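Engineer: Okay, sequence plus prediction incoming.
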Amino acid sequence: MANIISSRFNGNTIEVTEVSSASAPGVTDDTRYSYVIGTRWYDTTLKDTWICMSTAFGAAVWEEAEDASAIASAAAADATSKANAAILTASGDASTKMSTAISTASGDASTKMSTAISTASGDASTKMSTAISTASGDATSKANAAQSAAIAGASPRANMTVNGSSVGGARVLTVGPDATHGLITTVIEELVDLTALGAKFKALSNPIPAGAVIRSVQGVIEELVVAGGTTVLVTLGLNGGTVDKYGETANLTLNQKIDVIPAHAVLAAPEQIDVCGAITGGAALGDTNISAGKVRVRIAYDVLASLASV
């Protein structure tokens, strides 16, 4: 798994925008890792940069960014990316680069200005000054355009940041004044190997901590699960409690999926989620042990880390 450098929220979805790895990306570096069109992959061994052109499952397409045209091609995904590409490829000083970004952004004047501010370097004041200096029209028009953009993209606190990282195989996104305070979203993903299990369930490696709110639970059978008797489907839940708490498959065959958004609840105690072999309906474990199969599980959850004192 590549190391996350930066990511962002798109509605309720986490999008990974920059990663690094000791090797080049492959066809399986796809949507399952939250990559999107335009994601940048830095090969730290060969010092190459790759751009994601397609996130198709099992058939991702990455192109090496050998020149400015490759960056510009990938940046067409949205207006902000387009402006970023323009700044990267434009020649001249900061003002010239910003002018290029504004001219290539789509939308009306306010949208162009918002895009320019979001891509400018420096603190909030510097971003605004740069945007105003490159806006067209008289002084009033410049100020109006800048004000419109500032209102649309204003942050409630100047030092609010979004920090992405990989910790122990999990992807972590923190929204707050730094990487350790605020809202922390963690996404854990594990391929659970059931080969020669000799049991009716197997626990995930990472329990969900007390105080967490589970946002989503997903699973997919990547290799046929073999059991027998009344063990006829796979569930994600608690082997000593609600076996199908987080959903069930229809059967044990390849590509059977679980996609659940649980009701909002704060966990009072740590929760160990298990991959279980269950009876029809998923209400209880089956009577036969699982002997083969693989199930990929992805769980996203939130915790709150108190803000630092001021």
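Structural biologist: Okay, I see it. Residues are numbered from 1 along each chain as shown.

Engineer: measure the residue nearest to residue 308 when sequence neighbours are not counted to residue 265 for me?
Structural biologist: Of all residues not flanking residue 308 in the chain, residue 181 sits nearest, at 5.2 Å (CB to CB, 6 or more residues apart in numbering). For the C-beta atoms, the positions are set from N, CA and C on the backbone; glycine is no exception. Noted for residue 181: a distance of 24 Å to residue 265, by CB to CB, to the nearest Å.

Engineer: same check, this time on residue 227
Structural biologist: 31 Å.

Engineer: Residue 215 too?
Structural biologist: 11 Å.

Engineer: Same question for residue 210.
Structural biologist: 12 Å.

Engineer: which of those two has more neighbours?
Structural biologist: Remark: of residue 210 and residue 265, residue 210 carries more neighbours, 12 against 9, as counted by other CB atoms under 10 Å.

Engineer: ok, that one - contacts?
Structural biologist: 267, 268, 269, 270 (CB atoms under 8 Å, 6 or more residues apart in numbering).

Engineer: ok so it is a helix residue?
Structural biologist: No: per DSSP: H, G, I helix; E, B strand; the rest coil, residue 210 lies outside any helix segment and is coil.

Engineer: Tell me the backbone dihedrals of it, please.
Structural biologist: When read as degrees, to the nearest 10, the backbone of residue 210 gives phi -60, psi 140.

Engineer: pLDDT value on it, please?
Structural biologist: If you check residue 210, the pLDDT there is 92.

Engineer: And it, how far from residue 21?
Structural biologist: Taking CB to CB, one finds residue 210 at 33 Å from residue 21.

Engineer: quick one, what contacts residue 48?
Structural biologist: Per CB under 8 Å, 6+ apart, neighbours of residue 48: 24, 42, 64.

Engineer: Residue 2 contacts residue 19, correct?
Structural biologist: Yes: using CB atoms under 8 Å, residue 2 makes contact with residue 19 at a distance of 3.8 Å.

Engineer: For the one helix or strand residue 36 maps to, the averaged confidence score.
Structural biologist: Residue 36 belongs to strand 35-43 when elements are defined using DSSP states H and E. Here strand 35-43 scores 94 as its mean pLDDT.

Engineer: same thing with stretch 239-249?
Structural biologist: 95.

Engineer: what's the answer for stretch 51-70, then?
Structural biologist: For stretch 51-70, the mean pLDDT works out to 83.

Engineer: Show me what counts as buried in that stretch.
Structural biologist: Going by neighbour count (16 or more other CB atoms under 10 Å), the buried part of stretch 51-70 is 51, 52, 53, 55, 60, 62, 65, 70.

Engineer: so where's this protein uncertain?
Structural biologist: 1, 12, 66-163, 165-169, 310 (pLDDT under 70).

Engineer: mind giving me the domain ranges of it?
Structural biologist: Domain assignment of the chain by automatic domain parsing yields the ranges 3-153, 188-305.

Engineer: quick one on the thing from earlier: of the buried residues of stretch 51-70, just say which sits nearest to residue 298.
Structural biologist: Nearest to residue 298 among the buried residues of stretch 51-70: residue 55, at 15.1 Å, using CB to CB.

Engineer: Now do the contacts for that closest one.
Structural biologist: Contacts of residue 55 (CB under 8 Å, 6+ apart): 30, 31, 35, 36, 37, 39.

Engineer: most neighbours, which of the residues you listed?
Structural biologist: residue 39 (27 neighbours).

Engineer: Quick check: it vs residue 9, distance?
Structural biologist: 15 Å.

Engineer: and what of residue 258?
Structural biologist: Residue 258 is 24 Å from residue 9, where distance means CB to CB.

Engineer: Count residues in the vicinity of the residue lying closest to residue 292 once chain neighbours are set aside, would you?
Structural biologist: Nearest residue to residue 292 in three dimensions, chain neighbours excluded: residue 226, at 4.0 Å (CB to CB, 6+ apart). With neighbours defined by other CB under 10 Å, the count for residue 226 comes to 17.
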